[in-house]
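J.: Next comes the sequence, and after it the predicted model I'd like to discuss.
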Amino acid sequence: MSVLDRIGQKLLFTFDPETAHGLSIAALRCGLPGGARTVRDTRLKVRLCGLDFPNPLGMAAGYDKNAEVPDALLGLGFGFAEVGTVTPLPQAGNPKPRIFRLTSDEAVINRLGFNNEGHAAAEKRLVARIGRGGIVGVNIGANKDSTDRVGDYESGVSRFAAYASYLAVNISSPNTPGLRTMQAREQLGELLSRVMAARTAASAQPPIFLKIAPDLAEAELEDIAAEVIEKQIDGIIVSNTTVSRPVLRGDDAARETGGLSGKPLFERSTIVLARMRKLLGPEMAIIGVGGVNSMETALEKIRAGADLVQLYTGMIYGGPALPGRIVAGMARFAATEKLRSMRELRDSHLDRWTSKPLS
């Protein structure tokens, strides 16, 4: 991390996490801070689901909830950005405080609860960026008090199909009561059937990804894989935050409820990623997320079976130049190893990761 990044991080860390997040969004809206020089290397290009990604690193959902700064994120060096989670109606989310830094663990616990401005606000901003290029996915969710949560996802597909490079169906946040039960096979089957029907009826047909939790047993992963294959979903995102608490360094905040993200999530999320690659086969598109904070962790996700990787918490601790550093490191690695593409690296550690226990 550069001296300027360290100064900026120290300043932001004087604020509570949610205020700091808002300030970082405001800075990006104003064109600050500048990221590292964007690396363009043909060996980093990934063609997936009909989309051409300039590099395999993306910004995960949760940072730009309301589609305010996707182009600024792409300018930091990300190959793609995922906005949201967006719900049909605006909602305030859970009571504050609801974000907690675990600085010694390079982790965060959040219990935000899909706070966002709703479909209309996000749609207005996405309409305004039509023609700008760049891959921007839209992560869709359900309102907490909805009486028809599947209908909320159908609404998200219908609303954003024309503006999204891809859609991510988020049923794995731990902070909306009952949401994760939609990962159970019967409920999941109905959800995916209706989501795919909504896409067929929409004015455009972007790829559909399903975002799953890391806190799943082997049988649950098998059920999800079976439904994803049967319903012909384009890909999956592994994984969301975890409600488990691996060994942490003892910050008081570690006792807070909510989803844990960052460095401690890497192991569990990568094990689940590898298992899903085994279950889904070599052709299914998979985005790996959870604990990515360096070139090494990004490459290891690919070795474990990911086509693309995402980060969010890593940038809180690594600064806005982190994506540029990771992508530049990937380019150097590809040159040193004489790789023609990142695809040559994929699955090279698959057996190693699938041999690790889930618990």
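T.: Sure, I can see it.
J.: buried stuff in stretch 199-207?
T.: Neighbour-count burial for stretch 199-207 flags 199, 202, 206, 207 (criterion: 16 or more other CB atoms under 10 Å). In short, each C-beta sits where N, CA and C put it, glycine included.
J.: Closest one of those residues to residue 103?
T.: residue 207 (36.5 Å; CB to CB).
J.: contacting residues for the most centrally placed residue in the chain?
T.: By CA atoms, centre = their mean, the chain has its centre lying nearest to residue 60, at 3.0 Å. Residue 60 makes contacts with 82, 289, 310, 311, 312, as judged by CB atoms under 8 Å, 6 or more residues apart in numbering.
J.: And the closest residue to residue 320 other than its chain neighbours, which helix or strand is it part of?
T.: Leaving aside its chain neighbours, residue 320 sits nearest to residue 33 (5.0 Å; criterion: CB to CB, 6 or more residues apart in numbering). Residue 33 belongs to no helix or strand when assigned by DSSP states H and E.
J.: Just the ones of the buried residues of stretch 199-207 in helices?
T.: In this view, the buried residues of stretch 199-207 that belong to helices under DSSP state H are residue 199.
J.: With pLDDT and distance to residue 38 added, can I get the buried residues of stretch 199-207 in CSV?
T.: Formatted as CSV, the buried residues of stretch 199-207 follow (pLDDT from 0 to 100; distance: CB to CB, whole Å):
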residue, pLDDT, distance to residue 38
199, 99, 32
202, 98, 32
206, 99, 24
207, 99, 24
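J.: among the buried residues of stretch 199-207, which two are most distant?
T.: Using CB to CB, the pair of those lying farthest apart is 202 and 207, separated by 12.5 Å.
J.: With residue 279 as the reference, measure out to the residue nearest to the centre of the chain.
T.: Residue 60 sits 22 Å away from residue 279, going by CB to CB, to the nearest Å.
J.: Looking at the buried residues of stretch 199-207, spot the one nearest residue 357.
T.: Residue 357 lies nearest to residue 207 out of the buried residues of stretch 199-207, by CB to CB, at 32.0 Å.
J.: Pop out the phi and psi values for that closest one.
T.: When read as degrees, to the nearest 10, the backbone of residue 207 gives phi -60, psi 150.
J.: mind listing what the nearest residue to residue 197 once chain neighbours are set aside touches?
T.: In this structure, residue 197 finds its nearest non-sequential neighbour in residue 154, 7.9 Å apart by CB to CB, 6+ apart. Going by CB under 8 Å, 6+ apart, residue 154 touches 194, 195, 197, 198.
J.: low-confidence ranges in the stretch 151-300 of the chain?
T.: 250 (pLDDT under 70).
J.: one more time with 90
T.: 175, 246-247, 249-255 (pLDDT under 90).
J.: how about the helices of the chain, start to end?
T.: Counting by DSSP H, the helices of the chain are 3-12, 17-29, 70-75, 119-128, 149-160, 185-201, 218-230, 266-280, 295-303, 313-318, 322-336, 350-354.
J.: Surely residue 218 is in contact with residue 275?
T.: Yes. If you go by CB atoms under 8 Å, residue 218 and residue 275 touch, sitting 7.4 Å apart.
J.: Which one's more surrounded, the two?
T.: More crowded of residue 218 and residue 275, by other CB atoms under 10 Å: residue 275, with 23 against 12.
J.: about what we covered before: please name whichever of the helices of the chain is nearest to residue 259.
T.: helix 313-318 (10.6 Å).
J.: what does the closest one contact?
T.: Residues outside helix 313-318 that contact it (CB under 8 Å, 6+ apart): 1, 5, 9, 59, 63, 101, 103, 106-108, 261-263, 291-294, 297, 322-323, 325.
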